[in-house]
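> sequence and predicted structure are below.
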Amino acid sequence: MSHGKLREEKLCLNCENPVEERFCPHCGQENVEPRQPFYYLFTHFIEDFTHYDGQFWKTIQYLLFRPGKLTKEYLAGKRQLYVAPVKLYIFISFITFLLPSLLSSSKNESEDSQKVTSAEKIKQKKDAEKELAKITDSIKSEVLKNEVLSKNKNVQPLIENNLIKINEIKNSAPDESLIDETEDGKIKILGAENKHEFDSIRRTSGENKFLYAYSEPFAKKIFSLQEKGLNKKEIFARYKSTFVHTLPKALFLYLPVFAFFLWIFHNKKKWWFFDHGIFTLHYFSFLLLGILLLIFISRLLDRLPDYGLFTLLAVLIHTAIIIYMSLYFFIAHYRVYESRKRMTILKGSLLFMINFVGILLMFLALMYISFLMMH
């Protein structure tokens, strides 16, 4: 129930029927003043979940700790006591992908590791160049010395031995990989620093035509962003932001696919597609809560000292949550569809593997689309 100010008039603004108490008996609208403070928009939204007859907390309790119970209750017609499945999924999805961005975390370890790796590569190249210069000078001095001692002596073996050393040091230097970084922080793709260089190298490459054809969309996007003045750090930050904003939409689009596989594996007369959709919404809502919990624990542990005990504790907690998230599907499936245990394990295992592959392919496609959508 909201805390909006009640109107003195006893005529519903929605249907114009008399209102004796707080809610209209005809349409159910609350008879409060239509103009409220700005913060009312947010408090009313939260109250819809947390205060109205305890719907939210009871729904979350069943969702987390009683797999399949919420779906069975909803399909049995007991719907007034719980948050509607679609409303629940949208709310949890909103919280899951908004809250982590609001939580302050420690330094970005991936960016730091990228910087360290890049610095190490540059240092290795410089050290290799110094060694090459030393050996080249050594060759020159040895050749001159041998020419002075004896003009008839063949210095070719000496040159060949030192050339072998040069090649060994060249081979020890880091090779050009698919993605590298220049000293000024720009991205190199297969040794090219811009689109013109990439096209030139691609035309002269004979054996790696497929690799260049595969890399062309990424190269085109990266080089266009670099022309706008963005460096490697800023490009990957944009990619991460685009990916996070696209992920909830992709998961929502996969919902009917997940429900479709459930429909295939069960009795069509007993179970309608609607029933599988309710199971899917509740299961995906649980998965989102599990992901939120993993993110929250990671953020919390990042603030603690880097001791071995805390690291072990983090591994144990993450492992326990992942195992529970995996077993949750089998328990919920067994309780909702009320099939025999062996059949539940068989169907559950097949569905788990099929959807694992499907979600993995969806994530790969999402990563590709998110990268191309950057601007």
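Received it, and whenever you're ready, just let me know what you need.
> show me the shaky parts of the stretch 1-150 of the chain.
1-4, 35-54, 99-150 (pLDDT under 70).
> try 90 this time
Applying pLDDT under 90 to the stretch 1-150 of the chain picks out residues 1-58, 77-83, 87, 90-150.
> now swap in the stretch 201-350 of the chain and tell me
201-253, 267-269, 287-288, 290-318, 322, 326, 338-345, 347-349.
> run the last query once more with 70
Ranges of the stretch 201-350 of the chain meeting pLDDT under 70: 204-210, 212, 214, 244-245, 306.
> residue boundaries of the helices in it?
For the stretch 201-350 of the chain, helices defined by DSSP state H, counting those that start in this stretch occupy the ranges 209-227, 232-264, 273-302, 308-337, 341-373.
> list of residues touching the shortest one?
Counting by CB atoms under 8 Å, 6 or more residues apart in numbering, helix 209-227 makes contact with 178, 186-187, 189-190, 192, 194-195, 198, 201-202, 205, 235, 238, 371-372, 374, all of which sit outside it. Every residue, glycine included, has its C-beta placed from N, CA and C.
> try 6 Å
Applying CB atoms under 6 Å, 6 or more residues apart in numbering, the external contacts of helix 209-227 come out as 186, 187, 189, 194, 195, 198, 202, 205, 235.
> the closest residue to residue 337 other than its chain neighbours: neighbour count?
Spatial nearest neighbour of residue 337, excluding adjacent residues (CB to CB, 6 or more residues apart in numbering): residue 266 at 6.4 Å. A count of neighbours around residue 266, defined by other CB atoms under 10 Å, yields 18.
> list the buried residues in stretch 253-260.
For stretch 253-260, a neighbour-count test (16 or more other CB atoms under 10 Å) marks 254, 255, 258, 259 as buried.
> how about stretch 239-257?
Residues 239, 242, 243, 247, 248, 250, 251, 254, 255 are the ones in stretch 239-257 that count as buried (16+ other CB under 10 Å).
> ok so, going back, closest one to residue 62 among the helices of the stretch 201-350 of the chain?
helix 273-302 (9.0 Å; CB to CB).
> who does the closest one touch, helix- and strand-wise?
helix 69-75, helix 85-102, helix 232-264, helix 308-337 (3 or more CB pairs under 6 Å, 6 or more residues apart in numbering; DSSP states H and E).
> that helix to helix 308-337, inter-axis angle?
170 degrees (axes from the mean of the first three to the mean of the last three CA atoms, to 10 degrees).
> so helix 273-302 versus helix 85-102, what angle?
20 degrees.
> any idea how far the closest residue to residue 17 other than its chain neighbours is from residue 15?
Nearest residue to residue 17, sequence neighbours excluded (CB to CB, 6+ apart): residue 26, at 4.1 Å. As judged by CB to CB, to the nearest Å, residue 26 and residue 15 stand 5 Å apart.
> follow-up on the earlier one: so how far is residue 69 from the residue nearest to residue 337?
As judged by CB to CB, residue 266 and residue 69 stand 19 Å apart.
> my guess is the residue nearest to residue 17 contacts residue 16, does it?
No. Counting by CB atoms under 6 Å, residue 26 does not reach residue 16; the two are 9.1 Å apart.
> if we can go back for a sec, out of the helices and strands packed on helix 273-302, the one nearest residue 296 is which?
helix 85-102 (7.7 Å).
> with distance to residue 80 added, can I get the buried residues of stretch 239-257 in a markdown table?
Formatted as a markdown table, the buried residues of stretch 239-257 follow (distance: CB to CB, whole Å):
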| residue | distance to residue 80 |
| --- | --- |
| 239 | 44 |
| 242 | 40 |
| 243 | 38 |
| 247 | 32 |
| 248 | 28 |
| 250 | 32 |
| 251 | 28 |
| 254 | 29 |
| 255 | 24 |
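> dihedrals phi and psi, the residue lying closest to residue 27 once chain neighbours are set aside?
The shortest distance from residue 27 to any non-neighbouring residue, by CB to CB, 6+ apart, is to residue 15 (4.5 Å). Here is the backbone geometry of residue 15 (degrees, to the nearest 10): phi -120, psi 0.
> just the one 5 residues further on next, same as before
Phi and psi for residue 20, reported as degrees, to the nearest 10, are phi -90, psi -30.
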